[in-house]
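Q: Just to be clear, the model below is a prediction. Sequence and coordinates:
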Amino acid sequence: MPLDATDKKILNMLLQSGRISYTDIAKAVDMKPPSIIDRIKKLENEGIIKGYTANVDYQKLGYDISAFIGITVDNTDHVDNIKEIINKIDDGITSCYHVTGDFSLIIKLITENTNTLAEVIKKLRAIDGVVKTNTILIFSTMMERYRGI
């Protein structure tokens, strides 16, 4: 679906604040709210807008460890199966990426402490096809943003 300038402006406004009102968007793009609602619903139906979420400070909730874990697999044919198993580990894994370079997969994890981190690493290393893991602790997030359209 090709996006026009108005769709792009709407998306950028939603990226900045997912809670912005239809009325405020309508004013910014000089349209009526029902037209904005129709455009947003079309963007949702096309799968361009996948959902809305809150930006949570996990440390304030007691999750003190954030990390990236690189995973090396023995054979690239195993990657899809390993991703399925990782998807079932519900211990703070927030994302999993199939990548190039030294690792086959990289996951991001948010967890309570080093004990819970160690448990996840143990589960990952027990998966058939996983050769090794490499954990990178995140001390702080220097910058994080969504890419504008």
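A: Noted; the coordinates are in hand. Since this is a predicted model, take the numbers as computed values, not measurements. Numbering: from 1, shown residues only.
Q: From now on I want contacts and neighbour counts done on CA atoms only, so please keep to that.
A: Will do.
Q: next one: phi and psi at the most centrally placed residue in the chain?
A: Note on the chain: the residue nearest the mean C-alpha position is Ser95, at 5.5 Å, using Cα atoms, centre = their mean. Torsion angles at Ser95 (phi, psi; degrees, to the nearest 10) stand at phi -160, psi 160.
Q: how about it, what does it touch?
A: Contacts for Ser95 were tallied using Cα atoms under 8 Å, 6 or more residues apart in numbering; they are 107-109.
Q: Could I get the full set of strands for this protein?
A: Assigned by DSSP state E, the chain shows strands spanning 65-73, 93-98, 105-111, 130-137.
Q: Please name whichever of those strands is nearest to Asp24.
A: Asp24 sits nearest to strand 93-98 of all these, at 31.7 Å, using Cα to Cα.
Q: what is the orientation angle of the helix or strand bottoming out on mean pLDDT in the chain with strand 93-98?
A: Lowest by mean pLDDT, DSSP states H and E among the helices and strands of the chain is helix 79-88, with a mean of 90. Interaxial angle of helix 79-88 relative to strand 93-98 (axes from the mean of the first three to the mean of the last three Cα atoms, to 10 degrees): 170 degrees.
Q: Any buried residues in helix 79-88, and which?
A: 79, 82, 86 (16 or more other Cα atoms under 10 Å).
Q: And for that helix, what's in contact with it?
A: With contact meaning Cα under 8 Å, 6+ apart, helix 79-88 is reached by 73, 96, 98, 104-105, 124, 127-130.
Q: chain center to it, what's the gap?
A: On the basis of Cα atoms, centre = their mean, to the nearest Å, helix 79-88 sits 16 Å off its chain's mean C-alpha point.
Q: again with stretch 126-139
A: Worked out by Cα atoms, centre = their mean, stretch 126-139 lies 19 Å from the chain centre.
Q: Excluding sequence neighbours, find me the nearest residue to Arg39.
A: With sequence-adjacent residues excluded and distances taken as Cα to Cα, 6 or more residues apart in numbering, Arg39 is closest to Asp7, at 7.2 Å.
Q: now do Asp91
A: Nearest non-adjacent residue to Asp91, counting by Cα to Cα, 6+ apart: Val120, 6.7 Å away.
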